[in-house]
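**Student:** when you get a sec, could you give me coordinates for this:
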Amino acid sequence: MADATITHLDAPAAEDEALRAAAAALESAGPDAILDWLFERYADGITLASAFGNTSDIVLMDMVAKRRPGAEVFYLDTDFLYDETYQLIERAQTFWPQLDFRLHRTALSPAQQAAIHGEALWAREPDLCCDIRKVRPIGDALAGKRGWITGVRRDQSAARANTPAVQWDAKFGLAKANPLVTWSEKDAWAYIFAQGLPYNPLFDQGFPTVGCTHCTRAVQPGEDQRAGRWSGTDKVECGLHTA
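**Tutor:** The predicted structure is shown next:
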């Protein structure tokens, strides 16, 4: 398998110390306190990442919209999204007009990717496919930013079980906040229903998390929430949240 492009940028000592102290202090503080800390420390150098494919992203868009009108939300179009995801993107832009939605995608079309790497790269080398269509575009989206907000939660998978509230992201070289880290899927749904928020209809069809069409399936009762991602392989993350 071809190696994905991975960087490693250590945090400045003072920043590392501040993030570790904040992670400890915010461990049980909840999303409001985490977001307040982030916006106070990094001001306007923050962006919220959304794939429109999980409940956490929807919750965070609403929380950020209420807290910081004009805040940036970036999302990726991998060119392989479900129709329901494209429809949700349009609904979200109407529902939260106070947010600044920014689209990012690779310059490599699916046809160009196939010409260079062969057909169905996602089936043969999923890490490389994710690197081309997700990791590198996100690197561009985060360029010049001081911090980014993600919907990572500990209950989503074993790989995310020890995620802190805030941390240094060595891959992209900036701070990363995970405001819903201690929430459960039930907590996220309770917020969505209470606030009447739009969400991906595939959630009602056994998709607790939605990615690309080729690499996402519905999950069965009792399966891990991310069991439907890259099913049949040992891949569990696209590479955005791994060192």
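**Student:** and the strands in this structure?
**Tutor:** 46-50, 72-76, 100-104, 147-149, 166-169, 174-177 (DSSP state E).
**Student:** in its sheet, what does the last one sit against?
**Tutor:** Strand 174-177 has the following strand partners under DSSP bridges: strand 147-149 (parallel), strand 166-169 (antiparallel).
**Student:** contacting residues around the first one?
**Tutor:** Yep, that's strand 147-149 we're talking about. 35, 38, 41-42, 45-49, 60, 64, 142, 169, 172, 174-179 (Cβ atoms under 8 Å, 6 or more residues apart in numbering). Yep, even glycine has a C-beta here, placed from its N, CA and C like the rest.
**Student:** buried subset of the residues you listed as a PyMOL selection?
**Tutor:** Applying 16 or more other Cβ atoms under 10 Å to the contacts of strand 147-149, the buried members can be selected in PyMOL as follows:
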select buried, resi 35+38+41+42+46+47+48+49+60+64+142+169+172+174+175+176+177+178+179
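**Student:** tabulate the strands paired with strand 174-177 in a markdown table, adding columns for mean pLDDT and distance to residue 86.
**Tutor:** Output for the strands paired with strand 174-177, formatted as a markdown table (pLDDT from 0 to 100; distance: least, Cβ to Cβ, whole Å):
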| stretch | mean pLDDT | distance to residue 86 |
| --- | --- | --- |
| strand 147-149 | 96 | 23 |
| strand 166-169 | 94 | 28 |
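**Student:** excluding chain neighbours, what is closest to residue 201?
**Tutor:** Spatial nearest neighbour of residue 201, chain neighbours left out: residue 84 (5.1 Å); criterion: Cβ to Cβ, 6 or more residues apart in numbering.
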